[in-house]
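Engineer: Need coordinates for the below:
(chains A and B)
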Number of protein chains: 2
Amino acid sequence: MTTLDTIGEFGLINRIQNGAAPAVQPGTVRGIGDDAAVFALNDTEFGLIATDMLLEGIHFDLTYVPLKHLGYKAVAINVSDIAAMNGLPTQITVGIGLSSRFTVEAVDELYAGIRAACEAYNLDLVGGDTTSSRSGLVISVSVLGSVPKDKITYRNTAQANDVVCVTGDLGSAYLGLQLLEREKQEYLANPDMQPNLSEERAYLIQRQLRPDARTDMVHELRDLDVLPTAMIDISDGLASELLHICRQSGTGAVIFDENIPIDDQAQLTATEFGISPITAALNGGEDYELLFTIRPQEFEKLKNHPRITAIGYLTADPAQTVLATRAGQQTPLKAQGWGQM
Amino acid sequence: MTTLDTIGEFGLINRIQNGAAPAVQPGTVRGIGDDAAVFALNDTEFGLIATDMLLEGIHFDLTYVPLKHLGYKAVAINVSDIAAMNGLPTQITVGIGLSSRFTVEAVDELYAGIRAACEAYNLDLVGGDTTSSRSGLVISVSVLGSVPKDKITYRNTAQANDVVCVTGDLGSAYLGLQLLEREKQEYLANPDMQPNLSEERAYLIQRQLRPDARTDMVHELRDLDVLPTAMIDISDGLASELLHICRQSGTGAVIFDENIPIDDQAQLTATEFGISPITAALNGGEDYELLFTIRPQEFEKLKNHPRITAIGYLTADPAQTVLATRAGQQTPLKAQGWGQM
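Structural biologist: Numbers count the residues shown, from 1 in each chain, chains lettered A, B, ... in the order given. Predicted coordinates:
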C-alpha cells in the first residue's frame, strides 16, 4: 500500500495521465496536461473545457469567507484556466453539495456570487447538480470556452530565448490569506474584539477572497497582436507554473527576483509576517494571474504595458531553472505550495 | 432563515433556474432544466454538457461499494444524461477529492473503473482536478456529448396521446441497494459471517453497483428510425421522471401498473422485503433506464422490441397523472425519492 503523500498531487496527476487510454474520439484535440482540454468545435475555433473543485476545510474557511465571494471565486478560478489557453469562457455548470446547516438564504448568497461572476465574464450558467452533503460545502464548476484555432496557446510550445512575462502582481492572495487567518486566531482568542483589517490591506484581502481571472489580458494581447508561445495561469505559485512550462517545453529559465511584480501592501505585509515577499510570489499561489512567454522580437509591443512585466527569459538547458538575484547569485526554482496535497 | 428541507431539491433547482440571468452567449441553445445543457457545436450537431457529483456517505457507502464499480458508475450516470438528450458522449472531465486514508492503489482502482467506462462508452477522459478532502471521497464528473440537430430530444416537447415507453426493467437498482444494506447490517452484527448474496441476486446487485447508461438504445432508436417526442433518464424513479415530462410538456399521463417492466428477481426480493415491486419501480431510482414518449403511429416500429416496453399514454389534462390498476382503479402519481434532499 502506498500513501498519497508519497507521490503528491502532481505525481497523482501524472499517474492518471499515464494511465489514460489514447483518445478514441476524433473531436478530442488535447487531453490531460494543460490548463483546459481542447475539443473540435467549428471551422475557426477550438472548444475548451476545464473543471475545478472547491471543498470546505481544504480550499476555504467559512469563518471568514463570505458565500457570495466564494461563489464568484469558484467561477473565476475556472475561467482563469480558459484564459490560460488564450480563450474566452462561454458557459459553466455548477455542482454543489450542501449539508443541512445551510439555509436557503445562504444558497442564495452563493448563487448571487456565481451570477455576478457570470455577468463579469459574460458567460451563461447552463446546468449542474445539487445534492446533500454529509460534510460541508462542496462546489464543483466546469467551464466551457472557445479560442480561435490560430490563437490557442499551450504550455509545451515555449522556446529558448523567449521572454517570460506575468500579468498583475504576485503574492498578494497568499498574504491576504495570512491576514485573514491571523484575524481568525485573534477572534477565537477574544470573541469580543472588532476585526482590525485596515483599509490599506483591503487589496490583499480582496485578492484572496474574490480573485479575478485575466480575461481582460486575453483581449489586450489580441489587441496588441501578441501571440504568446506558451501560457499558464498562476494558481499554485510562480515557481510551480514556470516549471510546468519549462518541463513541458523542454527549456530552462532564468527569472530575476527584482523584476517580480509585488504590490506595496504585499511587501509591507510580508515583512510584518517575517516572510520573504519573493517567496510569497514564488510559492504563495491563488493569484490567478497569467504567466506567458513571447518571442524576443514581440517584446517591443508590450514593454510599456502597465500590467504586464517581463521577469526573465527561457534557456536551452532544461536543467537550468533558476532565480537570479541582483547580486548575480542563482538559486534553483522549486515548486513548493503551502499545505497542498 | 429557511431550511433547505422546506423547499427540497427540486425547489432549490427551480430557485436557481429562476434566478439565472437570460443567456448572453449566442452559443447557448438550452440551459438549466433538462438532462443536459445544449450549446452550438457545428452545422449539423449540437453540443451537450452535463455534470453529476457523487459524495461519500450520501451516494455511496464504501463498506460494500468497490472503488472500481464506483468509478464506472460515476461515468455511467453522466453518460445517461447525454443519452436522455438522444445524444452520444465524447469526452469527460473528472474531479476527485481524496482524504488521506486513500492509498495510491485505491485511486488506481477508482480510475480503472473510470477507464473501463470510457472504453465501454467510447469516450475520452480529457481532464479534471485532484484535491485533498477533509471528509471522504468526492467525485464530480462532467461529460461532453453531441447530437444531430434533427435528433435532439427535450423533456418539454411531448404531446397528448403520445405512447409512454421505458427501456429495460425498473426497481432492480433500488432492491439491489436493499440487499447490500441488509448484508452490511448482518455483517456489523456478526463480523465473522460470510456474505450471503446468492448468484440469483447478482443481477440486482450489479444494477445498483455498476449501472449502465442506455447509449445502446440511442443507437437502436436511430436504427429503427424512431424519434422520441420527449426523453429523460430514470435516476430518481419512474414517477418523478414522468412528472417532469408532464409538467414541462403541459400534459397528463396514464400509466398501467401491470405494464411496468420488473425483473423476476426484483419481484421476489421486493416481496421478501415487504415492498411493493411497483413502488420500487416508481420511486426506487438509480435504474438509469430511459423514459421516452413517441407519437402513436410510431409505436408499430418498436412494439416487438425485447427491451422497450410501452407503459401508458399521455393525456391533454395536466391534472391527470395517474397509475391505473388492472381493476381500473386510478391513483395519482407522486414523486417521492427515498431520503434524497
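Engineer: A:D192: neighbouring residues, count only.
Structural biologist: 5 (other Cβ atoms under 10 Å in any protein chain shown). In short, each C-beta sits where N, CA and C put it, glycine included.
Engineer: Provide a list of residues in contact with it.
Structural biologist: Taking Cβ atoms under 8 Å, 6 or more residues apart in numbering or on different chains, we find A:D192 in contact with no residue.
Engineer: Let me see the domain layout of chain A.
Structural biologist: Chain A breaks down into these domains under automatic domain parsing: A:4-150, A:163-332.
Engineer: These: which one's closest to B:G11?
Structural biologist: domain A:4-150 (8.5 Å; Cβ to Cβ).
Engineer: next one: that closest one to chain centre, how far?
Structural biologist: 12 Å (Cα atoms, centre = their mean, to the nearest Å).
Engineer: and that domain, how far apart are its ends?
Structural biologist: Using Cα to Cα, to the nearest Å, the end-to-end distance of domain A:4-150 comes out at 39 Å.
Engineer: Kindly report the same for stretch A:33-40.
Structural biologist: Separation of the first and last residues of stretch A:33-40 by Cα to Cα is 17 Å.
Engineer: Ok, stretch A:296-311 next?
Structural biologist: One end of stretch A:296-311 to the other measures 13 Å (Cα to Cα).
Engineer: can you list contacts of it?
Structural biologist: By Cβ under 8 Å, 6+ apart, the surrounding residues in contact with stretch A:296-311 are A:161-168, A:217, A:220-221, A:224-227, A:255-256, A:259-261, A:294, A:313.
Engineer: list the contacts for A:D212?
Structural biologist: Contacts of A:D212 by Cβ under 8 Å, 6+ apart are A:76, A:120, A:288.
Engineer: Which element, helix or strand, includes it?
Structural biologist: A:D212 belongs to no helix or strand when assigned by DSSP states H and E.
Engineer: quick one: it from chain B, how far?
Structural biologist: In this view, A:D212 and chain B are 18 Å apart by Cβ to the nearest Cβ, to the nearest Å.
Engineer: ok, now A:T44?
Structural biologist: 11 Å.
Engineer: Tell me what A:T130 is bridged to.
Structural biologist: Note on A:T130: beta-bridge partners by DSSP bridges are A:I96.
Engineer: for stretch A:289-299, which positions count as buried?
Structural biologist: By 16 or more other Cβ atoms under 10 Å in any protein chain shown, the buried positions in stretch A:289-299 come out as A:289-294, A:298.
Engineer: Now those in JSON lines, please, with extra columns for secondary structure and pLDDT.
Structural biologist: Listed next are the buried residues of stretch A:289-299 as JSON lines, based on DSSP: H, G, I helix; E, B strand; the rest coil; pLDDT from 0 to 100:
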{"residue": "A:E289", "secondary structure": "coil", "pLDDT": "98"}
{"residue": "A:L290", "secondary structure": "strand", "pLDDT": "98"}
{"residue": "A:L291", "secondary structure": "strand", "pLDDT": "98"}
{"residue": "A:F292", "secondary structure": "strand", "pLDDT": "98"}
{"residue": "A:T293", "secondary structure": "strand", "pLDDT": "98"}
{"residue": "A:I294", "secondary structure": "strand", "pLDDT": "98"}
{"residue": "A:E298", "secondary structure": "helix", "pLDDT": "96"}
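Engineer: what's the neighbour count on the residue of the stretch 51-200 of chain A found nearest chain B?
Structural biologist: At 3.0 Å from chain B, A:S135 is the closest residue in the stretch 51-200 of chain A, using Cβ to the nearest Cβ. As a burial measure, A:S135 scores 21 neighbours (other Cβ under 10 Å).
Engineer: among the contacts of A:D212, which are in reach of chain B?
Structural biologist: Checked against chain B using Cβ under 8 Å from any Cβ of the partner chain, these give no members in range.
Engineer: Show me which of the residues you listed is closest to B:A319.
Structural biologist: Nearest to B:A319 among the contacts of A:D212, counting by Cβ to Cβ, is A:A120 at 43.5 Å.
Engineer: For the closest one, give its distance to A:G127.
Structural biologist: 20 Å (Cβ to Cβ, to the nearest Å).
Engineer: Neighbour count for those two, which is higher?
Structural biologist: Neighbour totals were compared for A:A120 and A:G127, and A:G127 leads with 28 against 15 (other Cβ under 10 Å).
Engineer: Now the residue nearest to that one when sequence neighbours are not counted, what are its backbone angles?
Structural biologist: Nearest residue to A:G127 in three dimensions, chain neighbours excluded: B:A37, at 4.0 Å (Cβ to Cβ, 6 or more residues apart in numbering or on different chains). Main-chain torsions, B:A37, degrees, to the nearest 10: phi -80, psi 150.
Engineer: which residues does B:A37 bridge with?
Structural biologist: B:I49.
Engineer: hang on, it packs against A:Q91?
Structural biologist: Yes. Counting by Cβ atoms under 8 Å, B:A37 touches A:Q91, with 6.7 Å between them.
Engineer: Name the residue of the stretch 151-300 of chain A that lies nearest to chain B.
Structural biologist: Taking Cβ to the nearest Cβ as the measure, the point where the stretch 151-300 of chain A comes nearest chain B is A:S235, at 10.5 Å.
Engineer: Tell me, how many residues neighbour that residue?
Structural biologist: Burial of A:S235 is recorded as 21 neighbouring residues (other Cβ under 10 Å).
Engineer: now swap in the one 4 residues further on and tell me
Structural biologist: A:A239 has 24 neighbours, counted by other Cβ under 10 Å.
Engineer: So what does it have for phi and psi?
Structural biologist: The phi/psi pair for A:A239 (degrees, to the nearest 10) is phi -60, psi -50.
Engineer: sorry, back to before: out of the buried residues of stretch A:289-299, who's nearest B:L144?
Structural biologist: A:L290 (25.1 Å).
Engineer: what's the residue nearest to A:G127 in contact with, if anything?
Structural biologist: Residues in contact with B:A37 (Cβ under 8 Å, 6+ apart) are A:91, A:93, A:126-127, B:28, B:30-31, B:48-50.
Engineer: Apply 7 Å and report the result again.
Structural biologist: B:A37 makes contact with A:91, A:93, A:126-127, B:30-31, B:49, according to Cβ atoms under 7 Å, 6 or more residues apart in numbering or on different chains.
Engineer: In those, find the pair that's most separated.
Structural biologist: A:T93 and B:R30, at 12.7 Å, using Cβ to Cβ across the contacts of B:A37.
Engineer: right, and the domains of chain A - which one's nearest B:R207?
Structural biologist: Across the domains of chain A, closest to B:R207 is domain A:4-150 (Cβ to Cβ), at 20.9 Å.
Engineer: partner residues bridging A:T315?
Structural biologist: With DSSP bridges as the rule, A:T315 is bridged to A:G252.
Engineer: Can you pull out the low-pLDDT segments for chain A?
Structural biologist: Applying pLDDT under 70 to chain A flags residues A:194-198, A:200, A:337-341.
Engineer: From the centroid of it, which residue is nearest?
Structural biologist: With distances taken as Cα atoms, centre = their mean, A:S235 lies nearest the centre of chain A, 2.7 Å away.
Engineer: give me phi/psi at it?
Structural biologist: With angles defined as degrees, to the nearest 10, A:S235 sits at phi -100, psi -30.
Engineer: I'd assumed A:Y288 was in contact with it.
Structural biologist: Yes. Here A:S235 reaches A:Y288: they are 6.3 Å apart, a contact under Cβ atoms under 7 Å.
Engineer: Common neighbours of the two, please.
Structural biologist: A:I77.
Engineer: the strands in chain A, which residues?
Structural biologist: Ranges of strands in chain A, per DSSP state E, are A:28-30, A:37-40, A:45-55, A:88-98, A:124-132, A:138-148, A:163-167, A:230-233, A:252-256, A:290-294, A:308-315, A:321-324, A:330-332.
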